[in-house]
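[1] Sharing a model that was predicted from the sequence below.
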Amino acid sequence: MTLELPEISAIRRFSADDLRLELACALYARGRISAVAGADLAGTDLVSFQTALHEREIPRQYSAADLQDDIDTLAQLFPA
């Protein structure tokens, strides 16, 4: 996908990577994408994306599905 932006002086100072990260953070903050999708969009790893969210004071959205995924992972790592 190619995104064309208007020639605005405020945008010219950002690199393509910076804009991808900002877009990913904004979509995540609005609940439109997951953290994993945000990291993929930003072209970074999950920890780096979470750091970027923290720097922008965007709270992590931890859903019931996230909790269940964590419980399932722990059950696999530490079987009873």
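    Structure received. Residues are numbered from 1 along each chain as shown.
[2] wait, what's in contact with the residue nearest the centre of the chain?
    Geometric centre of the chain, nearest residue: Gly38, 2.8 Å, by CA atoms, centre = their mean. Shown in contact with Gly38 (CB atoms under 8 Å, 6 or more residues apart in numbering): 24-25, 27-28, 49, 53. For every residue, glycine as well, the C-beta is placed using N, CA and C.
[3] Who are the packing partners of the lowest-mean-pLDDT helix or strand in the chain?
    When the helices and strands of the chain are scored by mean pLDDT, DSSP states H and E, helix 9-12 comes last with a mean of 84. On a contact count with 3 or more CB pairs under 8 Å, 6 or more residues apart in numbering; DSSP states H and E, helix 9-12 meets no helix or strand.
[4] Mind listing residues that contact the very next helix or strand once past that helix?
    Downstream of helix 9-12, the next assigned helix or strand under DSSP states H and E is helix 16-29. Residues from elsewhere that reach helix 16-29 (CB under 8 Å, 6+ apart): 5, 11, 14, 33-35, 37-39, 41-44, 49, 52-53, 56, 58, 61.
[5] do you know how far Leu53 is from Ala75?
    Distance of Leu53 to Ala75, given as CB to CB, to the nearest Å: 27 Å.
[6] The two: which has the busier surroundings?
    When Leu53 and Ala75 are compared for neighbours, Leu53 comes out ahead with 20 against 10, by other CB atoms under 10 Å.
[7] Setting the sequence-adjacent residues aside, check what's closest to that one.
    Of all residues not flanking Leu53 in the chain, Cys25 sits nearest, at 6.1 Å (CB to CB, 6 or more residues apart in numbering).
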